[in-house]
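Okay, predicted coordinates and the sequence, questions at the end:
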Amino acid sequence: MTVVEETASGTADTTILQRGLQTVVTLAESGLFDEYVVYEDRGRWVFAGGVVARIVLQPDVVTTTWGSGAPTVRRWSGNPAAALREACDGLTRESWNAYGYVGFGFAAHLHDAVAESESDEVLAHLVVPRVEVRFGHDCDDIEVTGTEEDRAAVFAVLTAASVDEPPTVHPLDVGGDLDDYRGRVAQAVAEIHRGEYAKVILSRTVRIPFDLDMPGTYRAGRAANTPARSFLLHLGDLRASGFSPELVASVDARGVVTTEPLAGTRAFGLGSDADSAAKSDLEQDPKEITEHAVSVRTSFEELESIARPGSTAVSDFMSVRERGSVQHLASTVRARLRDDLSCWDAFGALFPAVTASGIPKREAIEAIGRLDDPPRGLYSGAVVKASSAGELEAALVLRAVYEQRGSAWLRAGAGIVGQSTPDREFDETCEKLGSVAPYLVRKKEEDA
């Protein structure tokens, strides 16, 4: 009887998820919006389409544009989080929501790290959308904000949409060049033993040799993953979709700041016996436990720097959370934001995620600049939503697929500490790539 009930519930949950995916993919493919961001929080969806206002942060300048008007360009120096806060404060609409991303390059400026940066590199890109479409688990109560014309167009597209079969996937071999990655891991371990830093995340890139259907890839991948948040975006010349395993930062209307460090990994989805054995191994591995505990301590200290005294606490410590093809040691750390600070101050204290950069952050960011190639871009940055009410949420960009300037790729990394071995860290990147690589959807020839 229990098995029947679980199966029925699983079928119902899958059907609900597919309806949500069908809805956002229909809007993404409708042609109504040249640019958009889809943001999903465990079955609660937002489709943000079109652009009313745009903020683009680059080294030295921040550009704000309203509609088709002339851009306003201001120079900035120092803290890029403060530059974003000032740009958002300058938005003239009384009430707004903004969606977009912050790239990993933001981190070098934030932590005054030595790293190469192109003058036109996009450090952050936020838009206030023309239309927002919101709906929950059942998709029956769809809320659309925008003009009457936009609302009518959205409902017309959704009403006319047919139920499509799940797309055909084209899995990608992620084996890659073992020697290159293992050599970089060995170099990092040597630097750690010399005391240059305690931990660094090194990644590797896998190129995709065909044109991607990004909405189709998002639909296929989200159906197979269990993310903390998921996203699909097309902003400027960048397209991406992903299944974020953790929050870099969340600030709610009451000023509660949350971060969810995940560090320590084993494969998942290999069968109940294998998954259980991997979980037990993960929970007892000294290297993984040390890596996680140090990450939690760092997150705690970062929150304390912007928190009301005595408010920082670990509410969940070293539980195991399943994320697609892997399982992680996970913790949750919370605090109350000081009254004199904003959500962007909280973001600046926590970015980049300690689990995607290293410890100490400044030295780890510099090591990444030397040992990781090519520059990370959106990888290990954050997809962000923020509001005029002072709320913010930033989902870590991992387990994602990227497309820009005619090239598409995957990227995954592993946390390197003194006990790391090159072979195991390479295997960990393969395990993480397994959350995305099997679910790539090739663009149809007529769409290419």
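Yes, it's here.

any idea how far the residue nearest the centre of the chain is from residue 429?
Computing the C-alpha centroid of the chain and ranking residues by CA atoms, centre = their mean puts residue 397 first, at 2.3 Å. When distance is defined by CB to CB, to the nearest Å, residue 397 is 16 Å away from residue 429. Where you see a C-beta, it was placed from the backbone N, CA and C, and this is true even at glycine.

With residue 87 instead?
According to CB to CB, residue 87 and residue 429 sit 36 Å apart.

And residue 32, by the same measure?
Relative to residue 429, and taking CB to CB, residue 32 is found at 38 Å.

who's more crowded, the two?
Shown here are residue 32 and residue 429; by other CB atoms under 10 Å, residue 429 has more neighbours (23 against 17).

Would you confirm that that one belongs to a strand?
No. Going by DSSP: H, G, I helix; E, B strand; the rest coil, the assignment for residue 429 is helix, not a strand.

Isn't the residue nearest to the centre of the chain up against residue 378?
Yes. The criterion here is CB atoms under 8 Å, and residue 397 meets it with residue 378 at 5.4 Å.

Would you map the strands across the stretch 101-250 of the chain?
Shown for the stretch 101-250 of the chain, the strands assigned by DSSP state E, counting those that start in this stretch span residues 124-128, 131-135, 143-145, 199-207, 229-235, 238-244, 247-251.

tell me the average confidence for the second one?
In this case it means strand 131-135. The average pLDDT for strand 131-135 rounds to 96.

Which strands or helices does that strand pack on?
If contacts are counted by 3 or more CB pairs under 8 Å, 6 or more residues apart in numbering; DSSP states H and E, strand 131-135 sits against helix 2-29, strand 44-49, strand 143-145, helix 148-160.

closest one to residue 60 among these?
Ranking the helices and strands packed on strand 131-135 by proximity to residue 60 (CB to CB) places strand 44-49 first, at 27.8 Å.

what mean pLDDT does the helix or strand following the closest one have?
Going down the chain from strand 44-49, the next helix or strand is strand 53-58, by DSSP states H and E. Per-residue pLDDT values over strand 53-58 give a mean of 98.

same thing with stretch 254-272?
Across stretch 254-272, pLDDT averages out at 93.

One more: stretch 142-162?
For stretch 142-162, the mean per-residue pLDDT is 94.

what's the answer for stretch 380-388, then?
98.

What residues sit buried inside that stretch?
Residues of stretch 380-388 classed as buried under the neighbour-count rule (16 or more other CB atoms under 10 Å) are 380, 381, 382, 383, 384, 385, 386, 387.

leaving aside the residues next to it on the chain, what's closest to the third one?
Right, the one you point to is residue 382. Nearest residue to residue 382 in three dimensions, chain neighbours excluded: residue 394, at 3.9 Å (CB to CB, 6 or more residues apart in numbering).

One more: the last one?
Taking CB to CB, 6+ apart as the measure, residue 387 lies nearest to residue 97, with 5.0 Å between them; neighbours along the chain are not counted.

next one: the fifth one
For residue 384, ignoring the flanking residues on the chain, the nearest one in space by CB to CB, 6+ apart is residue 394 at 4.8 Å.
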